[in-house]
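Q: I'll drop the sequence and a predicted model, then ask my questions.
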Amino acid sequence: MVKLSKFKIGLCQLSVTTEKKTNIDKACSAIEFASKQGASLVVLPEMWNCPYSTDYFEQFAENFDDQESASSYKMLSKLASQEGITIVGGSIPERCEGQLCNTCCVFGPNGDLLAKHRKIHLFDVNIPDDISFKESDIFLAGSEPTIVDTDVGKIGIGICHDIRFPELAMVYQARGAHLICYPGAFNMSTGEALWELEQKARAVDNQLFVATCSPSRFSAGTYTIWGHSTLVDPFGNVIATSEHDETIVIAEVDYSAIQYTRDSFPIEKQRRQDIYKFIDLHV
Ligand SMILES: O=C(O)CCC(=O)C(=O)O
């Protein structure tokens, strides 16, 4: 049940180091800061506890069932209950049955884990003389969409490359999402052209809010991050954004914009399922 239909969101664009404890301490301070600014929902970046680099994932991974050693997970749960807020905990490498996943945990105001999203679309890219990265060498892909009922609305979760797939966002819209959160770490090759465009597209096509949260540019590792954590409204307006430096974006989410946009442009009613329902895209 939505308790708050108008609230502040905090997007913590953190610079990630090679020291896990430093990263946890920084995230902890950022969450406290955002909460003091009035944020009821705080979002962290993809891979905030670990450099986004294949050589670090194994060493920084946590098994969430082993509460003693899962220090990032424990901190998120503690901070959610200490501050009485909802946290979309970016992502961290999760150790799961002998494999690793790129996983986002969502905690409610009493510190309970509300949902866990394992990145569905792994980022495998090879642009000659530019960027080469193969998440599927390291991670196991998730197989479930994740939509979670929170005090601050129904939130769909995607991680970075998941934003490229309109179908996932459509599933969230069909299941009643008000907001889709995409912790992400786009890069210099695709960030400028696509990061904001993808957010606006997902928001406008589905007439809901989209929030993204990235690590800052000057994070450890060989992968250079685009940054630009952003909130987009259902009309495609950028409500708030950042450059690439470490920062915390605080912005207001007002869900009345969803109904307003849907009443003004009732595309859901205009949808011609009769035309596309039977189309086999592969023919
Ligand atoms: O889809 C892209 O262009 C970038 C995706 C990405 O950086 C990621 O999934 O980590």
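A: That came through, no problem.
Q: and the helices in the stretch 151-283 of the chain?
A: 166-174, 196-206, 256-264, 267-270, 273-276 (DSSP state H, counting those that start in this stretch).
Q: quick one, which of those helices is packed in tightest?
A: helix 196-206 (a mean of 20; mean count of other Cβ atoms under 10 Å). Bear in mind the C-beta positions are built from the backbone N, C-alpha and C, glycine included.
Q: which residues sit against that one?
A: Here helix 196-206 makes contact (Cβ atoms under 8 Å, 6 or more residues apart in numbering) with 163-164, 166, 169-170, 172-173, 177, 180, 182, 209-210, 212, 228, 230, 232-236, 238, 241.
Q: now which of these would you call buried?
A: 163, 169, 172-173, 177, 180, 182, 209-210, 212, 228, 230, 232-236, 241 (16 or more other Cβ atoms under 10 Å).
Q: before we move on, back to that, now, which of the contacts of helix 196-206 lie close to the ligand?
A: residue 164 (Cβ under 6 Å from any ligand atom).
Q: can you read off the backbone torsions of residue 138?
A: When read as degrees, to the nearest 10, the backbone of residue 138 gives phi -120, psi -40.
Q: I'd like the helices of the stretch 151-283 of the chain laid out as CSV, including mean pLDDT.
A: Shown next, in CSV, are the helices of the stretch 151-283 of the chain (pLDDT from 0 to 100):
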stretch, mean pLDDT
helix 166-174, 96
helix 196-206, 98
helix 256-264, 97
helix 267-270, 95
helix 273-276, 87
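Q: sketch out the low-pLDDT regions of the stretch 151-283 of the chain for me.
A: Of all residues in the stretch 151-283 of the chain, those with pLDDT under 70 make up the ranges 279, 281-283.
Q: what's around residue 122, how many residues?
A: Close neighbours of residue 122, defined as other Cβ atoms under 10 Å, add up to 21.
Q: could you do residue 272 as well?
A: 7.
Q: swap in residue 252?
A: For residue 252, the count of nearby residues is 13 (other Cβ under 10 Å).
Q: how close does it get to the ligand?
A: Counting by Cβ to the nearest ligand atom, to the nearest Å, the separation of residue 252 from the ligand is 28 Å.
Q: who in the stretch 51-200 of the chain is up against the ligand?
A: 123, 160, 161, 164, 185, 186, 187, 190, 194.
Q: mind running it again at 8 Å?
A: With Cβ under 8 Å from any ligand atom as the criterion, the stretch 51-200 of the chain meets the ligand at residues 52, 119, 121-123, 125, 133, 135, 159-164, 184-187, 189-191, 194-195, 198.
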